[in-house]
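Asker: whatever this is, show me its structure:
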Amino acid sequence: MDTTTTNTAGGKASRNKQLFRLEYSVTRNIKAAPKKIWAILTEAKGYPRWNSTIQSMEGQLTLGEKIKLRSTVDPSRTFSPTVSELSPEKKMVWQDGMAPMFKGVRTYTLTPLENGTTDFTMSEVFSGIMLPLIAAKLPDFRPSFEQFAADLKQEAERQETAKES
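Answerer: Model (predicted):
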């Protein structure tokens, strides 16, 4: 097992690699309530406005729906994950691929803290029998994950501050 963690201001990103499993994750504390963060995370058409890692997103972030997105990690490709789990203000899961060959599962989790802030965690697990053959061709997602979390924090805290004014 190969695990590396990068600590950044306000959060940390990690990579955990095994033969048939590769996971990237980031955690960031956000000075906003889960309800505010959830509203931002579940409005697909708003992503390109606040998130510098997303070029475009189409569809509805509702249970069972397939969305189409283009990211800055690979702008030539359109990804089409399906929203497979939705627990309002707590957890959202997208997945794509063909198990057992290759599958990607992205999970967004919101954990409210007693001080009124929220821990945001985003993880993506790649798995399948094809993973050992393609893992070396996958980019390091840590910088993109760190940027996603930083952008979300900035937008949620901006909206929270605007609400208070």
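Asker: what's near enough to touch residue 25?
Answerer: Contact analysis of residue 25 by CB atoms under 8 Å, 6 or more residues apart in numbering lists 13-14, 16, 121-124, 145. In this view, the C-beta of every residue, glycine as well, is placed from N, C-alpha and C.
Asker: for the protein, what helix or strand is lowest in average pLDDT?
Answerer: None of the helices or strands of the chain scores lower by mean pLDDT, DSSP states H and E than strand 2-8, at a mean of 60.
Asker: show me what the next helix-or-strand element following that one is packed up against.
Answerer: The helix or strand immediately downstream of strand 2-8 is strand 11-18, counting by DSSP states H and E. Here strand 11-18 is seen to pack against strand 2-8, strand 21-30, helix 142-164 when contacts are counted using 3 or more CB pairs under 8 Å, 6 or more residues apart in numbering; DSSP states H and E.
Asker: residue 45: which of those is closest?
Answerer: Residue 45 lies closest, by CB to CB, to one member of the helices and strands packed on strand 11-18: helix 142-164, at 14.0 Å.
Asker: contacts for the closest one?
Answerer: Under CB under 8 Å, 6+ apart, the answer for helix 142-164 is 6, 8, 10-11, 13-15, 24-33, 36-37, 40-41, 50-53, 71-73, 120, 122, 124.
Asker: first-to-last residue distance for stretch 85-94?
Answerer: With CA to CA, to the nearest Å applied, stretch 85-94 spans 7 Å between its terminal residues.
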